[in-house]
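Asker: predicted coordinates and the sequence they were generated for:
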Amino acid sequence: MCPPADPEAPGIKAGFTLVEALVALAVIAISLAVIGSVVAANVRGTIAVDQRLSLLETARSVLTALPDRADLTPGDTSGEMGGNRWRMDVEPFAASFVDPSQRTPWVPLDVVIRVEAPGGQMLRLDTVRLQAANGGR
């Protein structure tokens, strides 16, 4: 074992120099800045996921509350739920493979649900519902 250095001995200096202290402070400042940016990114991500889940919950609630296929009529409906605005558009399904002149027992209806959060984030849900050709009656 070596004996401890004597601070009174000539040529031996104890403690840190000013440059060493500034380098240590710079390393600490950079580390704190990186940690802060990571925490901020995580908070933004958590808020975005929370808003997305709220939009999905509202869209599912509107979809669940759709009227029975016999009562589903073309047109639009809107409202607000859980702080989110929603709009549902029901219209005849238009596609190149659907021939409206052909007599079938079912008529496809295109249902589009749009939900908008107060912050402007939007969600669109498209689905097709079949309705009896005579209106279900």
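Answerer: Structure's in. What do you need? Everything numeric in this text was worked out from a predicted model, so none of it was measured.

Asker: give me the mean pLDDT for stretch 101-113.
Answerer: Stretch 101-113 shows a mean pLDDT of 84.

Asker: ok, residues contacting it?
Answerer: 59, 62-63, 66, 72, 74, 86-94, 98, 124-133 (CB atoms under 8 Å, 6 or more residues apart in numbering). C-beta here means a position set from N, CA and C on the backbone, and glycine is covered the same way.

Asker: out of the residues you listed, which are inside strands?
Answerer: 86-92, 124-132 (DSSP state E).

Asker: now, of those, which are buried?
Answerer: Among the ones in strands among the contacts of stretch 101-113, the ones that count as buried by 16 or more other CB atoms under 10 Å are 86, 88, 90, 125, 129, 131.

Asker: got these as a markdown table, with distance to residue 18 columns?
Answerer: Shown next, in a markdown table, are these (distance: CB to CB, whole Å):
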| residue | distance to residue 18 |
| --- | --- |
| 86 | 63 |
| 88 | 69 |
| 90 | 75 |
| 125 | 64 |
| 129 | 76 |
| 131 | 82 |
